[in-house]
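Chemist: Predicted structure and sequence below. I'll ask about it afterward.
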Amino acid sequence: MEKIISIKDLNYTYPEAKRSAIKNLSLDIYKNEWLSIVGKNGSGKSTLTKLIDGLIEADSGTIEIDGQIIDEKSIWDARTKIGIIFQNPDHQFVGATVEDDVAFGLENQGMPREEMVKAIDEALALVKMSDFKKRDPQSLSGGQKQRVAIAGVLATKPQIVIMDESTSMLDPDGRRTVLNLVKQLRSQQDLTIISITHDIEETELSQRIVVLNDGQIVRDGKPEDIYNLGSDLEKFGLEEPFTSELVSTLRDTVKLPKGYLNEEELKEQLWKLFSNM
Ligand SMILES: Nc1ncnc2c1ncn2[C@@H]1O[C@H](COP(=O)(O)OP(=O)(O)OP(=O)(O)O)[C@@H](O)[C@H]1O
C-alpha cells in the first residue's frame, strides 16, 4: 500500500499552554483508505487537523504529504491536495446560489469560466444535487447542505478529504446519506478520506480507526477490533457503540456469534432467534 500522509514524532504545544496538545505522534495514512480519527473533547483531533493542513506549525517532527515534507514553502502545494468539510454546513456557504458556492474554490484557483461551469456540473452530479443548482443554499436541509459542501471540495480535485465532525449536526437520515455518499465517492474518485469525530457510531463505514487520547494514539485497528474493546472505550472518554452494548447484555441470555455485530448483523441474528422460538 502506498502512503499519502506520513507523520513522524509530531509534537505541538499551544503558546502558553501547560500541556502538549500532540505528543510524539506518528501515523501513516494510505492512498484511498478511509481512516477515522476518534477521541473525546480535548484529545487533540482539531490540533492534528490544523497541523496536517499547515494552519499551525509543529514544534518538532515531520508531516509528509504525497511524498513532500511540509514546510513553509511546500505547504501551499500540499494544501491544493486537501479538501476539508467542516461541522456546520451554514458556516461554509459564501455564494447566493448552490452553483456560486461550488464555484468559490475554483475561482480561488483561477480556473477559466468555461472549465469552471463543467467542473461545477460534474461535482453537483456526483453528490446528486444537480437539480438544486439555482437554489439558495440556505433553503436546503442539513444533509443537502453538506452534499453541496462536498461538491465544493470535490470540484477542486483534492486527493485527500478531511471530514471534521461533518455529520455531527445532521439527523440520522442525513448522516447516513452523507456517509454512504462518501463511501461511494472514495472508490469512484480514488480519494483518501480522513474523518474526525468524537462519535464512534460515525466510524462504521471506515476501514481503520485511530483512537486519540491526550494527544497520543492509544489504539489503531479495524472498526470491529475497536468496537470489540466494548466498555474499555470508556477509558478514552468514548461511548461503546449501541449494538455492542446491546449484544453484551443479550449474551447473558441468548447465544450470539462471537465478536462485534453491526446493526444489520444483529437484526439478522435476532430474527433467527425469534423465528426459532
Ligand atoms: N488555542 C488554544 N490555546 C491553548 N490550548 C488549546 C487551544 N486549542 C486547543 N487547546 C488545547 O489543546 C488540547 C487539544 O485540543 P483539540 O482542540 O485539538 O482537541 P479536540 O479533540 O479537537 O477537541 P474538540 O472535540 O473539543 O474539538 C486540549 O487540551 C485543548 O484544551
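Modeler: Cool, got the structure.

Chemist: Which residue, other than its chain neighbours, is closest to S166?
Modeler: Nearest non-adjacent residue to S166, counting by Cβ to Cβ, 6 or more residues apart in numbering: I85, 4.3 Å away. (Each C-beta comes from the backbone N, C-alpha and C, glycine too.)

Chemist: Repeat that for I7.
Modeler: Closest residue to I7 apart from its sequence neighbours, by Cβ to Cβ, 6+ apart: L27 at 4.6 Å.

Chemist: for A78, same thing?
Modeler: Excluding the flanking residues, the one nearest A78 by Cβ to Cβ, 6+ apart is I65, at 4.4 Å.

Chemist: cool, D173 as well?
Modeler: Of all residues not flanking D173 in the chain, G143 sits nearest, at 6.9 Å (Cβ to Cβ, 6+ apart).

Chemist: For the one you found, list the residues it contacts.
Modeler: Contacts for G143 (Cβ atoms under 8 Å, 6 or more residues apart in numbering) come out as 170-171, 173-175, 177-178.

Chemist: and it, which of the three is it?
Modeler: For G143, the assignment made with DSSP: H, G, I helix; E, B strand; the rest coil gives helix.

Chemist: same check, this time on I56
Modeler: Going by three-state DSSP: I56 is coil.

Chemist: Quick check: it touching Y12?
Modeler: Yes: counting by Cβ atoms under 8 Å, I56 touches Y12, with 6.8 Å between them.

Chemist: With neighbour numbers in mind, choose between those two.
Modeler: Neighbour totals were compared for I56 and Y12, and Y12 leads with 22 against 14 (other Cβ atoms under 10 Å).

Chemist: Quick one: name the residues of the stretch 151-277 of the chain near the ligand.
Modeler: H198 (Cβ under 6 Å from any ligand atom).

Chemist: where do the helices sit along the stretch 151-277 of the chain?
Modeler: 172-189, 223-227, 242-251, 263-275 (DSSP state H, counting those that start in this stretch).

Chemist: Comparing those, which yields the minimum mean pLDDT?
Modeler: Of all the helices of the stretch 151-277 of the chain, mean pLDDT reaches its minimum on helix 242-251 (a mean of 82).

Chemist: hey, what's in contact with both of I56 and Y12?
Modeler: Between them, I56 and Y12 share the contacting residues T47, judged by Cβ under 8 Å, 6+ apart.

Chemist: what distance separates the worst-scoring helix or strand of the chain on mean pLDDT from the middle of the whole chain?
Modeler: Least confident helix or strand, the chain: helix 242-251 with a mean of 82, by mean pLDDT, DSSP states H and E. A distance of 26 Å separates the centroid of the chain from that of helix 242-251, by Cα atoms, centre = their mean, to the nearest Å.

Chemist: Could you pull out the strands in the stretch 1-150 of the chain for me?
Modeler: Per DSSP state E, counting those that start in this stretch, the stretch 1-150 of the chain carries strands over the ranges 3-12, 22-30, 34-38, 60-65, 68-69, 82-85.

Chemist: now those strands in TSV, with distance to the ligand?
Modeler: Output for these, formatted as TSV (distance: least, Cβ to the nearest ligand atom, whole Å):
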stretch	distance to the ligand
strand 3-12	9
strand 22-30	8
strand 34-38	9
strand 60-65	15
strand 68-69	22
strand 82-85	14
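
Chemist: Just send those strands back as TSV, with mean pLDDT too.
Modeler: Compiled in TSV, those are given as follows (pLDDT from 0 to 100):
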stretch	mean pLDDT
strand 3-12	98
strand 22-30	98
strand 34-38	96
strand 60-65	97
strand 68-69	96
strand 82-85	91
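
Chemist: deepest of these, which one?
Modeler: strand 34-38 (a mean of 24; mean count of other Cβ atoms under 10 Å).

Chemist: ok and the least confident helix or strand of the chain relative to helix 263-275, angle-wise?
Modeler: Interaxial angle of helix 242-251 relative to helix 263-275 (axes from the mean of the first three to the mean of the last three Cα atoms, to 10 degrees): 30 degrees.
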